[in-house]
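In: requesting a structural model of the entry that follows:
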Amino acid sequence: MQERIRGIQSRLRDEGDQVGRESAEGARQRILDAWPDNVSPVAEGSGDDEASAKTEAVAGRARMLAQQALDDARIRGDTVDEQCVKLLSEASEFLDLPAESSPSDLSAAIARIEGILDLQVSRLAEANPLEDWLPLLDQWVGDLKQQADKPSTTDRMGERYVRSANVIGITCNADFRILSDNGFSSFDVVIVDEVSKATPLELLRPMLLAPKTILVGDHRQLPPTFEFASFSNPDTSPTDDEDADALEREAELLRKYERLTTASLFRDGFAEIDPRSRAALNTQYRMHPQIMSLINRFYDGRLQSGLTDPDGLDTSARWSWRTHGLNLNSRTGGQYLTERLHALWIDSSEDEAGKVAYEDSDGTGIGNKLEARLVAQVVEDLVNTCEREHRTKTIAVATFYNRQKRLIRKELESRLGQRFKGIQIDVETVDRFQGKEADIVIVSMVRNRSRRLGKNSNPAKFERINVAFSRARDLLVVIGARKTFERFEVAIEPVDDGAPRRTPVYGQIIGDIKELGGLWQAKDILGPKPLRSKRNNP
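Out: Predicted structure coming up:
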């Protein structure tokens with residue numbers, strides 16, 4: 001009961017005084033209205049059962065009304081004085097009286113409550129809890145207005161800093177009024193990074209800001225992408241209120257000017273520009289040389305590693321270390337990952353039971369459930385080992401299809417539970433992963449069907465393969481059906497110029513990884529864990 005009283009007291013202090021007066025007066029009036037005017041004490045053992053029953057009924061009703069009054073006070077009441085504690089204590093004593101208490105006892109309790117209520121009502125009538133705070137609040141509002149009208153020293157310094165800056169960063173699609181509003185209408189040089197993903201229209205505005213433009217990018221990676229609306233989709237189909245001919249004209253314009261939204265101006269310009277105005281940076285510092293050797297096929301073998309100690313032998317060159325330091329146990333014995341391995345290929349042609357595992361489609365895209373399970377198992381092995389050995393690694397998963405991304409996320413959440421939310425694991429499509437990197441990258445190839453893979457499929461574009469395999473710093477794990485990709489030919493354009501040549505690049509990559517000792521099957525990853533041998537006690 002005391003706990004409830006303290007709770008009521010806290011609530012009372014937070015409400016308005018007018019509501020408090022109404023609640024207090026209401027409690028008093030409801031109790032007094034229910035009590036008979038002339039109550040005569042019933043002598044103990046008088047035998048008057050009818051009078052006794054009537055007294056108990058009156059007491060019960062008074063008790064009920066008092067309880068309702070207290071409940072109302074808890075919700076609507078108010079007080080600014082410690083007298084509320086005494087009031088509630090008296091009320092609780094009244095409620096705790098046994099049902100057989102005499103009317104005189106009840107009358108005495110009511111009298112005490114009545115006196116406290118009268119005192120409290122008079123005090124509440126005089127009290128205004130906010131009155132003492134009003135001058136302080138007025139001063140606070142005034143200070144805020146003055147600060148808004150007159151910028152602080154920090155604000156003035158910030159404005160001066162921006163106006164004196166000689167390097168300004170902005171995206172190609174940003175509102176360029178940000179520049180003019182801060183006094184920047186022109187520049188000496190404009191540098192556009194990651195330019196291979198920019199369309200000609202996106203490049204036009206920044207290139208007009210300076211007499212000299214430097215375009216930086218990798219034309220061996222993905223060009224701009226553009227998705228046309230499908231009029232077969234109910235959300236985009238013409239309605240009775242729309243002009244179907246106008247929509248068709250819009251679609252025709254999009255097709256006509258598709259080159260403006262999908263062409264890589266950088267790729268075309270790099271091949272055609274005067275050689276004196278271009279330069280190729282062939283030294284890379286991101287990835288371990290084992291990974292670099294795989295993607296070097298997309299650069300005609302021109303890439304070189306600038307890392308002086310990628311294997312972590314020299315403590316004075318930690319900046320160049322690309323070591324993961326992880327060893328992962330295989331389900332069939334041995335280890336499928338060791339510290340010296342930086343590239344793996346896990347064959348998803350068959351599941352752990354030896355059954356062929358094809359891709360599937362549910363109308364929303366292409367997916368591969370076996371590969372989703374393999375991704376989740378590898379991630380779990382990595383996370384468990386990192387936690388056990390107190391290592392910190394960033395992990396990313398890239399795939400060629402949106403549905404596969406959803407399948408992988410679902411499998412990771414199912415396997416890791418709440419741990420998945422607490423661990424930084426980036427799961428994205430390859431197209432959205434361009435420009436990013438991670439210590440460990442897992443690539444899900446997805447495709448595995450009974451007939452030959454099409455030459456226009458997502459994994460058939462060499463720029464997309466290059467992006468997928470070049471995001472990793474320390475470890476690249478590729479999960480794909482060896483039977484599908486080993487002989488699949490990809491059209492690769494020469495770095496300088498010339499006609500594309502069809503090359504079984506996947507088969508070459510699989511061969512390199514196999515030579516390193518990194519080619520494994522699904523059963524090595526998903527099979528039952530081997531039983532530990534028990535030592536016999538001497």
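
In: how about low-confidence regions in the chain?
Out: 1-134, 137, 144-145, 147-155, 225-248, 250-251, 253-264, 420-422, 530-538 (pLDDT under 70).

In: pull the longest strand from it.
Out: In the chain, assigned by DSSP state E, the strand with the most residues is strand 472-480.

In: residues making contact with that one?
Out: With C-beta atoms under 8 Å, 6 or more residues apart in numbering as the test, strand 472-480 has contacts from 286-288, 291, 294, 322-324, 326, 337, 341-348, 371, 374-375, 378, 393, 437-448, 469, 506, 509, 513. C-beta: built from backbone N, CA, C; applies to glycine.

In: which parts of the stretch 201-350 of the chain are helices?
Out: Under the criterion DSSP state H, counting those that start in this stretch, helices of the stretch 201-350 of the chain are mapped to 244-256, 258-262, 265-272, 289-295.

In: and the longest strand of the chain, which residues are buried?
Out: Ala472, Arg473, Asp474, Leu475, Leu476, Val477, Val478, Ile479, Gly480 (16 or more other C-beta atoms under 10 Å).

In: how is this structure partitioned into domains?
Out: The record assigns the chain these domain ranges, following automatic domain parsing: 2-38+48-131, 162-281, 289-526.

In: state the number of residues packed around Val446.
Out: A count of neighbours around Val446, defined by other C-beta atoms under 10 Å, yields 27.

In: brain fart, Asn466
Out: Using other C-beta under 10 Å, Asn466 is surrounded by 23 other residues.

In: do Val190 as well
Out: For Val190, using other C-beta under 10 Å, the count is 19.

In: how about it, secondary structure?
Out: Three-state assignment for Val190 (DSSP: H, G, I helix; E, B strand; the rest coil): strand.

In: contacting residues for it?
Out: Applying C-beta under 8 Å, 6+ apart, we find Val190 in contact with Pro206, Met207, Leu209, Ala210, Lys212, Thr213, Ile214.

In: from Asn182, how far off is the residue nearest to it when sequence neighbours are not counted?
Out: Leaving aside its sequence neighbours, Val190 sits nearest to Ala210 (C-beta to C-beta, 6 or more residues apart in numbering; 4.3 Å). Counting by C-beta to C-beta, to the nearest Å, the gap from Ala210 to Asn182 is 16 Å.

In: can you check Val216 too?
Out: 24 Å.

In: repeat that for Thr338.
Out: Following C-beta to C-beta, the distance that separates Thr338 from Asn182 is 54 Å.

In: then Asp426?
Out: With distances taken as C-beta to C-beta, Asp426 is found 34 Å from Asn182.

In: any idea how many residues pack against Gly454?
Out: 11.

In: how about the contacts made by it?
Out: Applying C-beta under 8 Å, 6+ apart, we find Gly454 in contact with Ala460.

In: thought Ala372 was touching Lys405?
Out: No. Using C-beta atoms under 8 Å, Ala372 is not in contact with Lys405; the gap is 9.5 Å.

In: give me the buried entries from the contacts of strand 472-480.
Out: Among these, those buried by neighbour count (16+ other C-beta under 10 Å) are 287-288, 291, 294, 322-324, 326, 337, 341-348, 371, 374-375, 378, 393, 438-448, 469, 506, 509, 513.

In: of those residues, which belong to strands?
Out: With DSSP E as the criterion, strands contain 337, 343-347, 438-444 from among the buried ones among the contacts of strand 472-480.

In: from those, which is closest to Phe176?
Out: Ala438 (32.7 Å; C-beta to C-beta).

In: around the closest residue to the closest one other than its chain neighbours, count how many other residues there are.
Out: Distances taken as C-beta to C-beta, 6+ apart place Ala396 nearest to Ala438, at 3.7 Å, with adjacent residues excluded. Neighbour count of Ala396, defined by other C-beta under 10 Å: 20.

In: quick one: contacts for Ala396?
Out: By C-beta under 8 Å, 6+ apart, the contact set of Ala396 is Ile425, Asp426, Val427, Glu428, Phe433, Lys436, Glu437, Ala438, Ile440, Val441, Ile442, Arg471.

In: can you rerun that using 10 Å?
Out: Applying C-beta atoms under 10 Å, 6 or more residues apart in numbering to Ala396 gives the contacts 424-428, 433, 436-443, 471-472.

In: can you check Arg501 too?
Out: So Arg501 contacts Glu489, Val490, Ala491, Ile492, Glu493, Pro494 (C-beta under 10 Å, 6+ apart).

In: report the buried members of the residues you listed.
Out: By neighbour count, with 16+ other C-beta under 10 Å, the contacts of Arg501 hold Val490, Ile492, Glu493 as buried.

In: in the sheet, who's paired with the first one?
Out: Spelled out, that is Val490. Thr503 (DSSP bridges).

In: ok, it touching Asn456?
Out: No. Using C-beta atoms under 10 Å, Val490 is not in contact with Asn456; the gap is 11.6 Å.

In: list the contacts of Arg464.
Out: The contact partners of Arg464, taken as C-beta under 10 Å, 6+ apart, are Gln221, Leu222, Ala398, Phe400, Thr429, Val430, Asp431, Gln434, Ser457, Asn458, Val490.

In: give me that answer again for 7 Å
Out: Shown in contact with Arg464 (C-beta atoms under 7 Å, 6 or more residues apart in numbering): Leu222, Phe400, Val430, Asn458.

In: same check, this time on Phe266
Out: Per C-beta under 7 Å, 6+ apart, neighbours of Phe266: Val195, Ser196, Leu215, Gly217, His219.

In: okay, those in TSV with distance to Asn282 next?
Out: Shown next, in TSV, are the contacts of Phe266 (distance: C-beta to C-beta, whole Å):
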residue	distance to Asn282
Val195	18
Ser196	16
Leu215	17
Gly217	14
His219	13
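
In: and of those, the nearest to Lys523?
Out: Nearest to Lys523 out of those is Ser196 (C-beta to C-beta; 39.9 Å).
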